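Visitor: Okay, predicted coordinates and the sequence, questions at the end:
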Amino acid sequence: MEPFDIAVIGAGPGGEAAAFMARERGASVAIVDRRWFGGSCPFIGCVPSKALLHAAARHAAGGTYPWHEASARRDYMVNRAAGADEPDDSGHVGRLEAAGAVTIRGDARLLAPGRIAINHDGAIHELRAANVILAVGSPPPVPPIDGLADVRVWTNREATLVRELPRSLLVLGGGPTGCELAQVFRRFGVPVTIVHSRDRLVNRDHPRNSTAIRAGLERDGVVVRTGVRAVGALAGAGADGAHVVTLGDGTAVEGHAVLVSVGRTLPLAGLGVEVYGLDPTPGAWPRDGRLRLADGLYAIGDAAGPELHTHQAHYQGEIAARMALGDDVRPDYRALPRATYTDPEAASVGLSLEEALTTGQDAFECVADFATSSKGYSVEAAFGHVTIVVERTTHELIGSAIAAPDASAAIHEPVLAIKARIPIEVLAETIHAFPSTSRIFNGLFADAARILSGDAALADRRAEAGTSRVE
């Protein structure tokens, strides 16, 4: 083959974004994946889990969305035919090829800078490229727990593609994936237990969000065990053949299915990054989202950091392609949103107050109770919050967190405010529709503006009354 301008290893959302951006710029592109073009997100990640969450919410509200319909709808969303084991990724392949990218299925390995060997069905092919973008994703690990190898554990793949409900479910790991899928199965009547080694669920998110997520799960009947670690497993040793997992505090939990959701691993070993002078050992280079690893080599998505999000990977794919083609651009992660799609949803962006103070910023926060807002009353909310973090020196928003039914949408006003460095005073004078969740921001921005102007007494009186100026 003639040399390509860009070769992309990994055809998930980030790899696809890089390929489409490069083709838009007129560059020649080859994109390689060993399995699904489209990656995990549309087939065993974001898309099926959100479809199942929607179905579970409808079922919980009135029992009118039975599991067989939810399963069929999920299959439609992931393009999996009735009775088929695997989703069909031909739509993703077709869109890439229609854009002019060359798609290659197989295992890729770097032989030298700009040289890639691809193994497919025992045959080795080689291609060359001026620039290589690594978009390899991150598979879920199965932790080395004594006896767990004897259990046919689920990862997100099995949990999002399953067609038959388990009799009970044990979830090891209380991050976003574990919490979302726990709520799905519990709302369809499956007894569910979550075991999480940290003191709070979704521990990388804002503490108030963690509290709201736990409250929502326990409201639905999920048993939550935090601050304790799984130390052993006995396959089929429990009631009715359930698997038994022993915990570090001497207790045990059971589940007929065991979902492992304890983080991700970075598949860098075996890629051949050594030919660029890089150490493939996890942690050998900082996952700070810099994208450029060496001349002509870029990493995007989970391997790049700083976090693990589909939208981050998509953003990085476009930026990396532009960098490779000579644009003077650099990624900016100040306004990187996070969302967990449980009921209630939880979303955040930027820094918490504690993080801001730790980094030496002169910051304060304003907090409103969601349940006692007009929006909260209208949806019969029992808990939730809206929080903003403001920097005194610049008068700018530097963080926000929300736990509310529409948090994943409402968070984008703070996202834009942080990205554009909009002064708090401008935000306070912006008209917000009543009685939306965004209207709660209106009151918080107004109180923050008063604090910044020296009129803290009025804001304090409102806080003592239980809310900020919530409408």
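Guide: Sure, I can see it.

Visitor: ok, G248 - contacts?
Guide: Residues in contact with G248 (C-beta atoms under 8 Å, 6 or more residues apart in numbering) are 228-231. C-beta coordinates here come from the backbone N, C-alpha and C atoms, glycine included.

Visitor: which one of the residues you listed has the most neighbours?
Guide: A230 (26 neighbours; other C-beta atoms under 10 Å).

Visitor: Spatially, what comes nearest to A81 if we skip its sequence neighbours?
Guide: D88 (7.0 Å; C-beta to C-beta, 6 or more residues apart in numbering).

Visitor: can I assume that neighbour is in contact with G94?
Guide: No - D88 is beyond contact range of G94, at 10.8 Å (criterion: C-beta atoms under 8 Å).

Visitor: picking that back up, just the ones of the contacts of G248 in strands?
Guide: 230-231 (DSSP state E).

Visitor: quick check, nearest of the contacts of G248 to F441?
Guide: V228 (37.2 Å; C-beta to C-beta).

Visitor: Can you name the residues that contact that closest one?
Guide: 195, 197, 247-249, 251.

Visitor: Buried only: go through those for me.
Guide: Buried members of the contacts of V228, counted by 16 or more other C-beta atoms under 10 Å: 195, 197, 247.

Visitor: Just list the residues touching the nearest residue to the first one once chain neighbours are set aside, thanks.
Guide: So that's V195. Once flanking residues are discounted, V195 sits nearest to R225: 4.8 Å by C-beta to C-beta, 6+ apart. Taking C-beta under 8 Å, 6+ apart, we find R225 in contact with 193-196, 247, 253.

Visitor: R225 looks like it's in a strand, true?
Guide: Yes - assessed with DSSP: H, G, I helix; E, B strand; the rest coil, R225 lies in a strand.

Visitor: ok, back up a step: which ones among the contacts of R225 lie within strands?
Guide: 193-196, 247, 253.

Visitor: Any chance of those residues in CSV with pLDDT as columns?
Guide: Listed next are the ones in strands among the contacts of R225 as CSV, based on pLDDT from 0 to 100:
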residue, pLDDT
T193, 98
I194, 98
V195, 98
H196, 97
L247, 97
V253, 97
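
Visitor: Let me see the mean pLDDT of the helix or strand hosting R450.
Guide: Assessed by DSSP states H and E, R450 sits inside helix 437-453. For helix 437-453, mean pLDDT rounds to 95.

Visitor: Against which helices or strands is that helix packed?
Guide: strand 363-369, helix 374-378, strand 385-391, strand 396-404, helix 407-410, helix 412-420, helix 424-428, helix 456-464 (3 or more C-beta pairs under 8 Å, 6 or more residues apart in numbering; DSSP states H and E).

Visitor: which of the residues in it are buried?
Guide: 437-452.

Visitor: Over to stretch 197-208?
Guide: Buried, per 16+ other C-beta under 10 Å, within stretch 197-208: 197-198, 200-202, 205-206, 208.

Visitor: Repeat that for stretch 330-339.
Guide: The neighbour-count check on stretch 330-339 (16+ other C-beta under 10 Å) flags 331, 335-339 as buried.

Visitor: In strands, which of those fall?
Guide: If you go by DSSP E, the buried residues of stretch 330-339 have 338-339 in strands.

Visitor: Excluding chain neighbours, what is closest to A82?
Guide: Spatial nearest neighbour of A82, excluding adjacent residues (C-beta to C-beta, 6+ apart): D75 at 6.9 Å.

Visitor: Helices along the stretch 251-400 of the chain, start to end?
Guide: Under the criterion DSSP state H, counting those that start in this stretch, helices of the stretch 251-400 of the chain are mapped to 310-324, 353-358, 374-378.

Visitor: TSV please, covering the buried ones among the contacts of V228 and showing distance to Q312.
Guide: Compiled in TSV, the buried ones among the contacts of V228 are given as follows (distance: C-beta to C-beta, whole Å):
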residue	distance to Q312
V195	28
S197	25
L247	33
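
Visitor: residue contacts, the residue nearest in space to the middle of the chain?
Guide: Nearest residue to the geometric centre of the chain (C-alpha atoms, centre = their mean): H309, 4.2 Å. Taking C-beta under 8 Å, 6+ apart, we find H309 in contact with 336, 338.

Visitor: The same query, at a cut-off of 10 Å, please.
Guide: By C-beta atoms under 10 Å, 6 or more residues apart in numbering, the residues touching H309 are 13, 41, 46, 176, 301-302, 315-316, 336-339.

Visitor: what does D295 give?
Guide: 113-114, 131, 276-277.

Visitor: which of the residues you listed has the most neighbours?
Guide: Neighbour max across these (other C-beta under 10 Å) = N131, 24 neighbours.

Visitor: neighbouring strands for the helix or strand that residue falls within, and are they parallel or not?
Guide: Assessed by DSSP H and E, N131 sits inside strand 123-134. The strands beside strand 123-134 in its sheet (DSSP bridges) come out as strand 4-9 (parallel), strand 115-120 (antiparallel), strand 297-299 (parallel).

Visitor: Format these as a markdown table; extra columns: distance to D288, mean pLDDT and mean neighbour count.
Guide: Below are the strands paired with strand 123-134 laid out as a markdown table (distance: least, C-beta to C-beta, whole Å; pLDDT from 0 to 100; neighbours: other C-beta atoms under 10 Å):
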| stretch | distance to D288 | mean pLDDT | mean neighbour count |
| --- | --- | --- | --- |
| strand 4-9 | 21 | 98 | 26 |
| strand 115-120 | 25 | 93 | 17 |
| strand 297-299 | 11 | 96 | 25 |
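
Visitor: Distance to A135 for the ones you listed - can I get that in JSON lines?
Guide: Shown next, in JSON lines, are those (distance: least, C-beta to C-beta, whole Å):
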{"stretch": "strand 4-9", "distance to A135": "6"}
{"stretch": "strand 115-120", "distance to A135": "13"}
{"stretch": "strand 297-299", "distance to A135": "8"}
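
Visitor: Out of these, flag the one nearest S348.
Guide: strand 297-299 (24.9 Å).

Visitor: And the contacts of that closest one?
Guide: 6, 8-10, 14, 18, 110, 113-114, 131-136, 266, 268, 273, 275-278, 285, 287, 289-293, 304-305, 316-317, 319-321, 323-324.

Visitor: Off-centre distance for that strand?
Guide: Taking C-alpha atoms, centre = their mean, to the nearest Å, one finds the center of strand 297-299 at 22 Å from the center of the full chain.

Visitor: and which of the buried residues of stretch 197-208 is nearest to V349?
Guide: Taking C-beta to C-beta as the measure, H206 is the one of the buried residues of stretch 197-208 closest to V349, at 9.9 Å.

Visitor: in stretch 375-386, what counts as buried?
Guide: 375-376, 379, 381, 383-386.

Visitor: Tell me what angle the helix holding R450 forms with helix 412-420.
Guide: 40 degrees (axes from the mean of the first three to the mean of the last three C-alpha atoms, to 10 degrees).
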